[in-house]
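J.: Give the three-dimensional model of this entry:
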Amino acid sequence: MNIWSSFHRANCLPDNCGCEFVHLDQLIAQPAAFWSSLFHIIFAILLYTQTKHKSQRLKLWIFSVILLGLSSHFAHGSFLEFAMAMDFAGIVLVMSFFTLYKWLVKWVSSTPKLVFLLLSYQGGLWMTFYSLEKWFKVGLCVIIFTISIVELLHSEGKAFLKARDLHIALVLLLLSFGLFMIDELRLICDPHSWITGHSIWHLGTALSLYYYGKWRLR
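T.: Numbering: from 1, shown residues only. All right, here's what the predicted structure looks like:
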């Protein structure tokens, strides 16, 4: 028994939660996925320290990526259903951040108000994802990613072809997603290993967001 036992655990249990074994009797249910979530926070802080101009957009982007890392920690540590939904909501928040920010600053300039609106947006996403099955959540994230890429192609035009950091980000993301799917389908799987497809997915997405942020904040 632990503090999570009193709450509703993830709907993917008992055998549809990816490769890594889920320790329901421990405080950290999936150690490899839990600790690898730190990569999001580490690379977010690295980007912040490397960027000379500490703009509002940079600060809110870093806030969003760190929020994703913390949500992932919570999800893989507790394996509560609402924590898993929070993790997916964090993914959508960072995918849609720059488009959302561009729209919000037309109406709001105060940083505290923007933080409140971003948290409200994530809260709405959290409630939406909470009622969905895992593969529907994954599919919805893929659709939102595709829409984001189409928006980028439309807004950047030919400049898209010269965006080196963006290309690195996309390659890292696609490779990482491939490993995520291999892990979820258990095509290559050692349930008790600290190196899993999902833990590498966390490293890959953290690096991808680092390069994506570099390009967006150029």
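J.: give me the low-pLDDT residue ranges for this protein?
T.: Across the chain, the ranges flagged by pLDDT under 70 are 1.
J.: Start from the N-terminal end of it and give the helices.
T.: Secondary structure of the chain by DSSP state H: the helices cover 31-36, 38-50, 56-78, 81-104, 111-130, 134-156, 164-184, 197-216.
J.: same for the longest one, what does it pack against?
T.: Contact partners of helix 81-104 among helices and strands, from 3 or more C-beta pairs under 8 Å, 6 or more residues apart in numbering; DSSP states H and E: helix 56-78, helix 111-130, helix 134-156. Using the backbone N, CA and C atoms, a C-beta is placed for each residue, glycine as well.
J.: mind checking how far that helix is from the chain centre?
T.: Averaging C-alpha positions (C-alpha atoms, centre = their mean, to the nearest Å) puts helix 81-104 8 Å from its chain's average.
J.: Enumerate the positions of it that are buried.
T.: 81-98, 100-101, 104 (16 or more other C-beta atoms under 10 Å).
J.: Indicate which one of the helices of the chain is closest to residue 5.
T.: With C-beta to C-beta as the criterion, residue 5 lies closest to helix 56-78 of the helices of the chain, at 10.1 Å.
J.: counting contacts, what elements does the closest one pack onto?
T.: Against helix 56-78 (3+ C-beta pairs under 8 Å, 6+ apart) you get helix 31-36, helix 38-50, helix 81-104, helix 111-130, helix 197-216.
J.: Give me the residue at the spatial middle of this structure.
T.: residue 91 (3.3 Å; C-alpha atoms, centre = their mean).
J.: Excluding sequence neighbours, find me the nearest residue to that one.
T.: residue 141 (5.6 Å; C-beta to C-beta, 6 or more residues apart in numbering).
J.: The one you found contacts residue 88, doesn't it?
T.: Yes - counting by C-beta atoms under 8 Å, residue 141 does reach residue 88; the two are 6.5 Å apart.
J.: State the distance from the residue nearest to the centre of the chain to residue 52.
T.: Residue 91 is 29 Å from residue 52, where distance means C-beta to C-beta, to the nearest Å.
J.: again with residue 211
T.: With C-beta to C-beta as the criterion, residue 211 and residue 52 are 18 Å apart.
J.: Which positions within stretch 59-78 qualify as buried?
T.: Those would be 60-78, for stretch 59-78 by 16+ other C-beta under 10 Å.
J.: swap that for stretch 103-110, please
T.: Residues residue 104 are the ones in stretch 103-110 that count as buried (16+ other C-beta under 10 Å).
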